[in-house]
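[1] Mind looking at a prediction? Sequence and model below.
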Amino acid sequence: MKSLSNRQLQLLKLFLFVLAALPFLRLAYAVYQDNLGANPLEFITRNTGDWTLYFLCITLAVTPLRKLLGWHWLIRLRRMLGLYSFFYAFLHFLTFLWFDHFFDIGDMWRDIVKRPFITIGFITFVLLLPLAITSNNAMIRRLGGKQWQLLHRLIYLIVPLGVLHYFWMKAGKNLLLQPLLFAALVSTLLGLRLYWRLQSKRA
């Protein structure tokens, strides 16, 4: 699998697109069936937040996997994975704004300022916005390759902030195993990048 034809890559992209949409479709079906459990708001919030973090980690893992496995075609899937990260982050934020605060911006801001884990989550979402907006060829040409790459290095800040948001939320419920696993995974992925960068400077 070190190389794929254009047709194989397009089929893989289509498969990945459908696969990545399944959590949303499953959630939408649960809403339609009124099958969200005793606390629908918590169910939707947890579901969209979890999938945001899953896709952020998968996106961050693309480059290390490409280097370790020699699968250079993986880089051509990264944009879609990143956009799905934003999609689920947007649903997560929309749930907070709509069902938690009923579009009361003032009340939302008070909540953001009052609760640190929400502050971190909101900052993470805001940082994702420019990455989503510029994830197209037109913006790459407009910004220039170097400026675009510099902007998209925000992912190295966004993912740890997402993990911190998740950790802070779970800590209040004494549910630390999953946040610690995410923290270990992200630390490994960022550590590999740092190691390779230092190696390239020494070469």
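    Cool, got the structure. Numbers count the residues shown, from 1 in each chain.

[2] going forward, measure contacts between C-alpha atoms and count neighbours the same way
    OK.

[3] Okay, helices next: where are they in this protein?
    Taking DSSP state H to define them, one finds helices in the chain at 6-32, 40-69, 78-95, 105-114, 116-133, 137-143, 145-152, 155-171, 177-202.

[4] Redo those as TSV? Include mean neighbour count and mean pLDDT.
    Converted to TSV, those look like this (neighbours: other Cα atoms under 10 Å; pLDDT from 0 to 100):
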stretch	mean neighbour count	mean pLDDT
helix 6-32	13	95
helix 40-69	18	95
helix 78-95	20	97
helix 105-114	13	94
helix 116-133	18	96
helix 137-143	12	92
helix 145-152	13	93
helix 155-171	20	94
helix 177-202	14	91
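
[5] any idea how far the residue positioned nearest the centre of the chain lies from Gly145?
    The chain has Leu56 as the residue nearest its centroid, 2.9 Å off, counting by Cα atoms, centre = their mean. Relative to Gly145, Leu56 is positioned 22 Å away (criterion: Cα to Cα, to the nearest Å).

[6] what's the answer for Leu4, then?
    For Leu4 relative to Gly145 (Cα to Cα), the value is 25 Å.

[7] same deal with Leu9?
    From Leu9 across to Gly145, the span is 24 Å (Cα to Cα).

[8] go on, Tyr29?
    For Tyr29, the distance to Gly145 - Cα to Cα - is 41 Å.

[9] Next: Tyr84.
    22 Å.

[10] cool, Pro23 as well?
    The spacing between Pro23 and Gly145, counted by Cα to Cα, is 33 Å.

[11] okay but Asp111 is in contact with Ile120, surely?
    No: using Cα atoms under 8 Å, Asp111 makes no contact with Ile120, being 11.8 Å away.

[12] who touches both of these two?
    Shared contacts of Asp111 and Ile120 (Cα atoms under 8 Å, 6 or more residues apart in numbering): none.

[13] In contact with Leu198, which residues are there?
    With Cα under 8 Å, 6+ apart, Leu198 has no contacts at all.

[14] Kindly report the same for Phe99.
    Phe99 makes contact with Leu41 under the criterion Cα under 8 Å, 6+ apart.

[15] Distance-wise, check it relative to Gly106.
    Counting by Cα to Cα, the gap from Phe99 to Gly106 is 15 Å.

[16] Leu77 is in contact with Lys13, correct?
    Yes: the criterion here is Cα under 8 Å, and Lys13 meets it with Leu77 at 6.9 Å.

[17] need the contact list for Asp107.
    By Cα under 8 Å, 6+ apart, the contact set of Asp107 is His101.

[18] any idea how far Arg141 is from it?
    As judged by Cα to Cα, Asp107 and Arg141 stand 40 Å apart.

[19] what's the answer for Leu181, then?
    Distance of Leu181 to Arg141, computed by Cα to Cα: 38 Å.
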